[in-house]
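>>> What follows is a predicted structure for the sequence shown.
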Amino acid sequence: MICRAPDPLEGHPAPPSAGAPASGAPLLATRLRPLTAADLGPLARAQRRHFPGNVIGRFGDPLHTTYLRSFLGTPTATAVVAESVDGPVGYALGVLGTVEHRARVRRRYGVALLVAAVLAVVRHPRLGTGMLRRRWALRSAARASSGPAAPVDTRRLAVLSHVAVEAPARGTGTAARLVDDFLDRARRARCDAAVLAVRRDNTRALAFYEKHGWRRVAERSTFDGRDLCLYEREL
Ligand SMILES: CC(C)(COP(=O)(O)OP(=O)(O)OC[C@H]1O[C@@H](n2cnc3c(N)ncnc32)[C@H](O)[C@@H]1OP(=O)(O)O)[C@@H](O)C(=O)NCCC(=O)NCCS
């Protein structure tokens with residue numbers, strides 16, 4: 001049993017042994033299933049715990065759950081929960097073809113996302129103006145240092161957007177199963193390569209991806225102040 005909280009995706013304290021390989025029992029009991037609408041609230045709260053710096057989470061539930069909903073019920077994205085006998089212990093969200101997914105999200109959720117974003121900025125004005133200021137500064141810096149234009153990437157890309165496993169289920173192979181499942185779906189969607197971004201200070205995640213064959217290809221800073229390492233894998 002790895003998860004005893006009433007709302008398991010919402011989290012629970014790490015046991016003293018968190019991080020050490022666990023016994024085989026939880027791994028055997030863990031299965032993967034599709035994310036459903038009922039998971040969205042607990043997932044949003046779990047994401048805010050795992051990724052406290054992510055700007056979408058800091059804007060609050062309505063915007064965050066609208067964004068997460070855009071991963072549901074579409075061939076252009078994948079959203080999977082790892083579940084033990086006691087409930088969810090991890091999840092993976094990804095995009096299977098960035099161009100199609102962006103077009104679909106704009107078509108199906110564009111208005112809902114815009115309304116939720118405007119309301120979020122009204123509710124969190126300092127966060128909103130700070131974010132716009134940083135975005136503007138990054139754009140200006142990029143324009144000022146305009147070297148030769150970067151070549152356009154014409155590959156069909158899959159993006160592993162978020163993966164997280166609750167502390168008691170780490171070191172059990174659950175994260176590897178979630179990532180392998182994402183890679184299988186990306187291959188079936190005929191993507192050429194998979195990409196992901198990890199914060200430069202997230203040493204455990206960096207070690208995890210490098211151990212599983214991801215190649216670091218670049219680093220960059222984001223408009224919301226994060227330093228990221230970009231990773232890639234051919235499919
Ligand atoms: C990143 C994550 C999904 C990896 O899953 P995991 O079950 O912890 O993965 P592993 O047990 O295979 O550990 C990964 C590697 O991290 C390293 N590691 C283990 N414990 C560590 C610790 N306490 N500190 C730093 N590195 C550690 C080891 O190199 C380990 O590889 P090893 O087994 O060969 O020693 C999981 O830690 C997690 O959910 N973290 C929070 C959310 C997150 O950061 N997601 C990734 C960003 S998209």
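Happy to help now that I have it. Residues are numbered from 1 along each chain as shown.

>>> just checking, Arg107 is part of a helix?
Yes: Arg107 sits within a helix when classified using DSSP: H, G, I helix; E, B strand; the rest coil.

>>> Name the residues of this structure found near the ligand, please.
When proximity is defined as C-beta under 6 Å from any ligand atom, the chain approaches the ligand at 19, 50, 162-165, 170-171, 175, 198, 202-205, 207-208, 211. Backbone N, C-alpha and C define where each C-beta goes, glycine included.

>>> How about the spatially most central residue of the chain, nearest residue that isn't a chain neighbour?
With the centre of the chain defined as its mean C-alpha position, the nearest residue by C-alpha atoms, centre = their mean is His162, 1.6 Å away. Counting by C-beta to C-beta, 6 or more residues apart in numbering, Leu93 is the residue found nearest to His162 once chain neighbours are left out, at 4.6 Å.

>>> so what's the one you found up against?
Going by C-beta atoms under 8 Å, 6 or more residues apart in numbering, Leu93 touches Leu35, Leu68, Phe71, Ala77, Thr78, Ala79, Val80, Ser161, His162, Val163.

>>> Now the last one: which helix or strand?
When you say that, I think you mean Val163. Under the assignment given by DSSP states H and E, the secondary-structure element containing Val163 is strand 157-165.

>>> so how many other residues sit close to Ala207?
When neighbours are defined as other C-beta atoms under 10 Å, Ala207 has 10 of them.

>>> wait, is it part of a helix?
Yes: assessed by three-state DSSP, Ala207 belongs to a helix.

>>> any idea of the pLDDT on it?
pLDDT, the model's per-residue confidence, is 97 for Ala207.

>>> And Trp214, by the same measure?
Trp214 carries a pLDDT value of 98.

>>> how near is it to Leu230?
The span separating Trp214 from Leu230 equals 10 Å under the rule C-beta to C-beta, to the nearest Å.

>>> cool, and Gly94?
Counting by C-beta to C-beta, the gap between Gly94 and Leu230 amounts to 15 Å.
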